[in-house]
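Novice: Let me see the structure of the following:
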Amino acid sequence: MNVLTFGPIMTAFLVSEGFSMSLIGVLRGVSCMMGLFGTFLFKHLSLMGMSLESSGFWAVTFQFTCLSLSYFSLYILDSLQSLIGLIVGVCMSRVGLWIFDISINQLMQISVKEDVRGIVGGTQNAINAFMGVTAFALGLIFPDPSDFHIYVLTGYLAVGLAATNWYFGVYRKQPLPKLS
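Specialist: This next block holds a predicted model:
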C-alpha cells in the first residue's frame, strides 16, 4: 500500500506541484539507483554474517525512518523544503525496501517447506496485489492532490505495520547468540 514511490499517484502529485515530467523521470532514476544500491548492500551485509532476520529488520526500520522524513516533511510550511524532504525520504527508503524484499524472499526460500512454497508465494503475491489495488482505490476516493497526505499516511503506516510484524513475527524469534 505504499504509494511513496515514483509511481502514478506520487507523479500526479508532483505534477500538480509544478514538477516537469523530465525532472520526475530523473528523480525516478535516482530512486531506482538507490534500490540497486540496496541490492549491493544486501550482499555486503550477508558477507559480514548478518542473518536474514537481522538484515530484514534493519532494512524495514531504515525504510520506515526514511519515510518518516517524507511523512513529516508534508507539514513543513515552506513548500520547497517540504517537497525536498518528501523526495529525499522516498529515494533513500528504496535502499531499505530492496534489502527487505530480498530478505523476505530468501527467508521464504529456506524456511517454507518445498511442497507448500507455491501456495505461500501465491498468497503473498495475492496480498501484494490487493494492497496495490487498495492504494489505487484511495486514488479514486481522494482524487484531489491536496489529499496527498492521506496516501502518504497510509503508506507510512503500512511500512510501520510491516516493521512491527517483522519484529514480533520473525526477528524476535531468532535464537539468542551463545556466550563463549
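Novice: before we move on, what SS does the most centrally placed residue in the chain have?
Specialist: Of all residues in the chain, the one closest to the mean position by Cα atoms, centre = their mean is Leu97, 4.3 Å from it. Following DSSP: H, G, I helix; E, B strand; the rest coil, the label given to Leu97 is helix.
Novice: quick one: pLDDT of it?
Specialist: Looking at Leu97, its pLDDT reads 95.
Novice: residue contacts, the nearest residue to it once chain neighbours are set aside?
Specialist: Excluding the flanking residues, the one nearest Leu97 by Cβ to Cβ, 6 or more residues apart in numbering is Gln63, at 5.3 Å. Where you see a C-beta, it was placed from the backbone N, CA and C, and this is true even at glycine. Gln63 sits next to 93, 95-97, 100, 159, 163 when contact means Cβ atoms under 8 Å, 6 or more residues apart in numbering.
Novice: again, only this time at 10 Å
Specialist: The contact partners of Gln63, taken as Cβ atoms under 10 Å, 6 or more residues apart in numbering, are 2, 4, 38, 89, 92-100, 159-160, 162-163.
Novice: hang on, the earlier thing: pull up the gap between the residue nearest to the centre of the chain and Leu140, please.
Specialist: Distance of Leu97 to Leu140, computed by Cβ to Cβ, to the nearest Å: 25 Å.
Novice: same thing with Gly118?
Specialist: Distance of Gly118 to Leu140, given as Cβ to Cβ: 33 Å.
Novice: more neighbours, those two?
Specialist: Gly118 (10 against 7; other Cβ atoms under 10 Å).
Novice: packing partners for the one helix or strand that one maps to?
Specialist: Here Gly118, judged by DSSP states H and E, is contained in helix 117-141. Contact partners of helix 117-141 among helices and strands, from 3 or more Cβ pairs under 10 Å, 6 or more residues apart in numbering; DSSP states H and E: helix 8-16, helix 79-111, helix 148-169.
Novice: Report the rounded mean pLDDT for that helix.
Specialist: Averaging pLDDT along helix 117-141 gives 90.
Novice: And for it, what's in contact with it?
Specialist: Contacts with helix 117-141, where a contact means Cβ under 10 Å, 6+ apart, come from 1-3, 5, 7-9, 12, 104-105, 108-109, 111-113, 116, 147, 150-151, 154-155, 158.
Novice: Could you do stretch 40-53 as well?
Specialist: Under Cβ under 10 Å, 6+ apart, the answer for stretch 40-53 is 54-59, 62, 95-96, 98-111, 166-167, 170-175.
Novice: Separate out the buried members of these.
Specialist: Using 16 or more other Cβ atoms under 10 Å as the burial test, the contacts of stretch 40-53 include 55-59, 62, 95-96, 98-104, 107, 166, 170-171 as buried.
Novice: Met1 and Ser55, how far apart?
Specialist: The separation that Met1 has from Ser55, given Cβ to Cβ, amounts to 23 Å.
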